[in-house]
Each structure stands twice: as structure tokens, then as C-alpha cells.
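Asker: fold the following, please.
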Amino acid sequence: MHNFKQYLEEVRDTPLYHAEKVKDAVDVIKTNMIDGVELSNENKWSLDKGNKPEKVVPLSRSFNSIKKSGYVVFEFDQRKLTQYNKVLTFNFTRDKTDRKSMAHKKRYGSYEEYVSDDIRDIDSSVSKIHMQRDEKLKNTYPELKNHPKLYIDGKFVNA
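Answerer: Numbers count the residues shown, from 1 in each chain. Reported below is the predicted structural model:
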């Protein structure tokens with residue numbers, strides 16, 4: 001690591017990912033927002049100190065782990081996302097009793113960052129919408145299939 005400031009800049013340039021099922025992804029595109037989910041009491045304890053939101057949108061820095069969670073993956077430009085949303089860290093190692101392992105906590109809270117509340121105006125912060133190729137979906141969900149940021153097999157489909 002060259003210096004701490006350079007490290008912080010590189011971390012801010014890292015994309016963040018959020019996965020949805022196809023039908024839910026279509027709703028996200030139609031409404032241009034992702035609704036936050038309520039946190040369980042166990043996960044509220046693991047959030048960093050400060051205001052603990054009632055609803056969050058889970059995000060991950062790992063594309064390979066998040067693509068297992070949903071069929072459609074939204075890739076966010078972190079710099080654009082943080083202009084209008086507060087991105088905070090989920091602390092996997094913190095526990096009331098400090099007896100649970102990191103692997104145990106990660107299994108029950110599989111995101112690394114979160115946005116408090118909802119993400120509105122996703123078009124401004126999404127850089128790609130990743131989707132696996134599937135012939136069954138070929139003629140369904142035109143909102144998703146015709147989106148200009150749809151990214152399948154390493155290329156933009158509608159660019």
C-alpha cells in the first residue's frame with residue numbers, strides 16, 4: 001500500500017453490487033428505486049455505532065458471491081451512489097457476546113455494506129445490470145431486456 005489516502009481513493013472506486021430476482025428487478029426498473037428491507041435485531045447489533053436505520057439495502061463488494069443471491073445483479077458506481085445515499089459498513093466481527101465466528105455471522109448477514117433506507121433514482125448510480133443468459137426469458141420482461149445498461153456475457157446488449 002503506497003499511502004492511506006491512495007487506499008481510500010481505491011476503495012471508493014470499487015463497484016457495489018445488489019442482487020434481485022427477475023420479477024423484483026423489473027419492479028426496480030419500473031419504479032427507479034430499491035426498497036430497503038427491515039433488519040433483524042441480531043443484525044442491528046452488528047451495525048457500526050451511530051443511528052441504526054430500520055430499513056437497509058444490502059450491498060456487496062464481491063460480484064461472485066452476490067450473483068448466487070439473485071438472477072439479476074445491479075452494479076453501482078460507488079461515487080455516484082454516495083452522492084445521495086449514505087453507504088455504511090456491516091461489521092461481521094462484532095457480537096454482543098463475541099462468541100460467534102465471522103463465518104457464522106457472514107452466513108446470516110451476507111452483505112458487506114448497506115444503504116440506510118431506500119435507494120431512489122437508481123438510473124443515476126447504476127453502471128451495469130448483469131443478467132445470466134436464459135432462453136426462457138427471451139420474450140418476457142421487456143423493461144429489463146430493453147434496458148440500455150443490460151450487460152450479458154461481457155457486453156452491453158442494447159448499446
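Asker: okay, now the sheet partners of whichever strand or helix holds residue 58, with direction.
Answerer: Residue 58 is part of strand 55-59 when elements are defined by DSSP states H and E. For strand 55-59, the paired strands and their directions (DSSP bridges) read strand 37-38 (antiparallel), strand 113-116 (antiparallel).
Asker: would you turn these into a markdown table with mean pLDDT and mean neighbour count?
Answerer: For glycine as for every other residue, the C-beta is placed from the backbone atoms N, C-alpha and C. Shown next, in a markdown table, are these (pLDDT from 0 to 100; neighbours: other C-beta atoms under 10 Å):
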| stretch | mean pLDDT | mean neighbour count |
| --- | --- | --- |
| strand 37-38 | 84 | 12 |
| strand 113-116 | 84 | 23 |
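Asker: turn these into CSV, including distance to residue 56.
Answerer: Putting the strands paired with strand 55-59 into CSV (distance: least, C-beta to C-beta, whole Å) gives the following:
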stretch, distance to residue 56
strand 37-38, 7
strand 113-116, 4
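Asker: quick one: the strands in this structure?
Answerer: Taking DSSP state E as the criterion, the chain contains strands spanning 16-20, 33-34, 37-38, 55-59, 72-76, 87-89, 113-116, 119-120, 126-131, 150-152, 155-156.
Asker: which other residues reach the last one?
Answerer: For strand 155-156, the surrounding residues in contact (C-beta atoms under 8 Å, 6 or more residues apart in numbering) are 128, 148-150.
Asker: nearest to residue 35, of these?
Answerer: Nearest to residue 35 among those, counting by C-beta to C-beta, is residue 149 at 19.9 Å.
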